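Enquirer: Need coordinates for the below:
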Amino acid sequence: MISLIASLLIATNAPAAEVVANCRSMIPSDVELKGRIVLRSRRGIAQAEYDYDLVRKDGGTDLKISKDGKDVAFEKSGPILGTDVTWSDITLDYLWWDDFAYDEKREGETVHGQVCTVIVMKKGERTVRVWVDHKTGALMQAEEEKDGKAVRRLWGTRLKKFGERWMANVMEVETIGSGHRTKITVEELK
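Expert: Purely as a prediction, here's the structure:
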């Protein structure tokens, strides 16, 4: 039903607020995710591996990162533990920023063959451009920008059904020009 509503909203050139609201509604408000974060070289060789446990409940989000079963401290600002991944990538917090606008110049761009609506989201000095699939209303890609240029990119590479919910269970994050990427996998969703 949500997919049908998303298709109708997006296909009729819905205002940015409706597209963003639909995208937000597809992300569970109370959820527990468990998975792995793997920093890899361009050749795919693992350079660092961590487990994560993300709990979103009652409007708050808690993220724990561990290595070899021991919790590891990290900063919420900037890349987590030298990977390409940030707090925003794991939590998708930019989808709740209040300053956003439809990007008419990029309307109809495709991500993995899917035609998308493009929304620019801002908070203070930060800018993130998101691509939302016309058919499903799902987030397909996000790029963080500085001075009008993409500096980091996140995109889903594989979908999996957890219970009744389909979601990306493998995502890639790349710091443009770094020579490495980080893979985020979702192994459990409760």
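Enquirer: Does the helix or strand hosting W155 pack against any helices or strands, and if so which?
Expert: Secondary structure from DSSP states H and E places W155 in strand 149-162. Helices and strands touching strand 149-162, by 3 or more Cβ pairs under 8 Å, 6 or more residues apart in numbering; DSSP states H and E, are strand 139-146, strand 165-175, strand 180-189. Every residue, glycine included, has its C-beta placed from N, CA and C.
Enquirer: how about a cut-off of 6 Å?
Expert: Under the contact criterion of 3 or more Cβ pairs under 6 Å, 6 or more residues apart in numbering; DSSP states H and E, strand 149-162 touches strand 139-146, strand 165-175.
Enquirer: ok, residues contacting that strand?
Expert: With Cβ atoms under 6 Å, 6 or more residues apart in numbering as the test, strand 149-162 has contacts from 89, 141-144, 166, 168-176, 189.
Enquirer: which of these count as buried?
Expert: Buried subset of these (neighbour count, 16 or more other Cβ atoms under 10 Å): 89, 141-144, 168-169, 171-175, 189.
Enquirer: Which two among these are spaced furthest apart?
Expert: Farthest-apart pair in those is T175 and L189; separation 26.6 Å (Cβ to Cβ).
Enquirer: how about the helices in the protein?
Expert: Using DSSP state H, the helices of the chain run over residues 2-11, 16-25, 87-91.
Enquirer: and the shortest one, how far out from the chain's middle?
Expert: Relative to the mean C-alpha coordinate of its chain, helix 87-91 is positioned 7 Å out (Cα atoms, centre = their mean, to the nearest Å).
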